[in-house]
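Q: got a predicted model here, sequence first, then my questions.
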Amino acid sequence: MISKSLALKVLNECLSTGGDYAEIYVEETTNQSVELENGKVNSSNESKTYGVGIRILNEFKSVYGYTSDTTQTSLMNLAHSLAASYSGIRKITVEKIAKKRVNNINKIDDHLIDVPVEEKIALLKECTAEAQSVDPRIVRVMASFGNSHRNWELFNAEGPVASQIVNTEERGRLYVAALAAGEDGKIETGGVAPGRSDGWHWFKELDYKAKSRRAAEVAIQNLSAGECPSGVYPVVITNGWGGVLFHEACGHPLEASATAKKQSVFSESIGKQIASKLVTAYDDGTIPNEWGSNSIDSEGVKTHKNCLIKNGICTGFMVDRLNGRRLGMEPNGTCRRESYKYAPTSRMSNTYIAAGKDDPEQIVKDTKLGIYVNNFGGGSVNPMTGEFNFSASEAYIIRDGKICEPVRGCTLIGSGSEVLMNIDRVGNDVDLGQGNCGASSGMVPVNVGQPTLRISAITVGGRGGKLE
């Protein structure tokens, strides 16, 4: 996307004032989306972006800039401007650039950008019809499909031989949201949003009709749901998307962007017990075709299956190049960015609690009185303390080992360290759920995940009084 000769000139300009690492990130992205409202096309768009980001490191300092003008004059001016942030003498002269091979783990034959928009619309119409068929009280269905195709190239140097790395990322996501209206004016919603780094065949083989019905069923169910009780109770959390609580309350505090600056409750935790002995957790960017997977990260480091917690002991962080310097650790393939407009940093990819030995049904049967959470909505977390507040979009009362009446307005309140230590049952049914995570390097696609698990005691907020 830019020539090696130009990259060589830019890298040497970057390193002219004493920087010890320089990189040029070149990106070309095509985004497509189509949205239907109640079966009618609301919008259909395609956009293309192209730009370059340049970063220079000098020990523990970093400077970053970007431009959509990829001419030699523009890139050399940007490099010169960034290099002026340092005032030392040259340490490195880049003499040549060697291409580095990448083994693509997300092999795709039927690319989503090649699928006619009419085919996508036909699938969305089926989703809409399924959701509407559930109940006449479904008054609105929003169905959309979005996909992206990104080619990017990285030139990086911390010595006389720079690397040239070329990579492709492709992802697609289906979204169906159903809105139900009650006679009393009450409005409730339900939604599903499966996604994958895969081709059109995966979405055609997906049981999208069942997922669309489920979105509508949850919306209808919540119309008659009572208020959630409040107090401290055992809580069973479903597999898959239930892992968003671990992602937010425990995953972010294990990113080096937080731990290296002592801004995490887990900054000094490696080698220490931070969770129940039943808990083992990973961040794994190597799972083929998963939503958060990639062959290499944004710094050109091969992705890994990184163990974060093993049998309750903290074993590692997600480490990028800059924060790895601060920690004295090697980068481990977890550096990510939304686009060329963002400097990369340590981020999650596919982060999950590993399978345990319990039968998920037995976990519920062994819970006399508590709350069952089947889906989460929004929430917030403070990485410094690990304290969080999460709302459940689908929750039920557990009575005598059975999942009983639905409740709404359920909120889980606590801290990441508290939750991890209070996990007393872990199922054998690991699943993953797709999301988009926002942080300093922008919005990136991530999988959250876990098996069905039980937290022995956690504060539950609600307006329904005491659970009896």
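A: Thanks, I have it.

Q: name the residues that touch the worst-scoring helix or strand of the chain on mean pLDDT?
A: Within the chain, no helix or strand scores below strand 369-382, which has a mean of 88 by mean pLDDT, DSSP states H and E. Residues from elsewhere that reach strand 369-382, judged by CB atoms under 8 Å, 6 or more residues apart in numbering: 218, 228, 233-238, 241-242, 244-245, 248-249, 252, 364, 387-400, 403, 407, 410, 412, 416, 454, 460, 467. Just so you know, the C-beta spots here come from the backbone N, C-alpha and C atoms, and that holds for glycine as well.

Q: quick check on those residues: which are buried?
A: Taking 16 or more other CB atoms under 10 Å as the criterion, what is buried in the contacts of strand 369-382 is 218, 228, 233-238, 241-242, 244-245, 248-249, 252, 364, 387-398, 407, 410, 412, 416, 454, 460, 467.

Q: show me the residues you listed that map onto strands.
A: Judged by DSSP state E, those include 233-237, 387-398, 407, 410, 412, 454, 460 as members of strands.

Q: residue 74 belongs to a helix, doesn't it?
A: Yes. Remark: residue 74 belongs to a helix, assigned using DSSP: H, G, I helix; E, B strand; the rest coil.

Q: residue 67 is in contact with that one, correct?
A: Yes. Counting by CB atoms under 8 Å, residue 74 does reach residue 67; the two are 5.5 Å apart.

Q: between the two, which one's more packed in?
A: Taking neighbours as other CB atoms under 10 Å, residue 74 and residue 67 compare with residue 67 leading, 16 against 13.

Q: helix or strand: which one has the closest residue to residue 72 other than its chain neighbours?
A: Distances taken as CB to CB, 6 or more residues apart in numbering place residue 6 nearest to residue 72, at 5.6 Å, with adjacent residues excluded. Assigned by DSSP states H and E, residue 6 belongs to helix 4-14.

Q: what sits up against that helix?
A: For helix 4-14, contacts defined as CB under 8 Å, 6+ apart pick out 22, 24, 54, 56, 72, 75-76, 79-80, 82-83, 93-94, 96-97, 155, 157, 162, 164.

Q: same check on stretch 92-107?
A: 4, 7-8, 11-12, 15, 19-20, 155, 157-170, 197-198, 286, 288-289, 293-296, 300, 303.

Q: do that again at 6 Å, thanks
A: Identification of contacts with stretch 92-107 by CB atoms under 6 Å, 6 or more residues apart in numbering yields 4, 8, 11-12, 15, 157, 160-165, 167, 197, 288-289, 295-296.

Q: please name the bridge partners of residue 388.
A: Residue 388 has the following beta-bridge partners by DSSP bridges: residue 381, residue 414.

Q: care to break this structure down by domain?
A: The chain breaks down into these domains under automatic domain parsing: 4-223, 226-461.

Q: which residues touch residue 146?
A: With contact set as CB under 6 Å, 6+ apart, residue 146 has these partners: 33, 173.

Q: which helix or which strand is home to it?
A: Here residue 146, judged by DSSP H and E, is contained in strand 138-157.

Q: give me the helices and strands touching whichever helix or strand comes after that strand, please.
A: Counting by DSSP H and E, the element after strand 138-157 in chain order, helix or strand, is strand 161-181. Here strand 161-181 touches strand 96-100, strand 138-157, strand 187-192, helix 208-223, going by 3 or more CB pairs under 6 Å, 6 or more residues apart in numbering; DSSP states H and E.

Q: of those, which approaches residue 116 most closely?
A: strand 138-157 (12.2 Å; CB to CB).

Q: just the buried residues of the closest one, please?
A: Buried-residue list, strand 138-157, by 16+ other CB under 10 Å: 138, 140-157.
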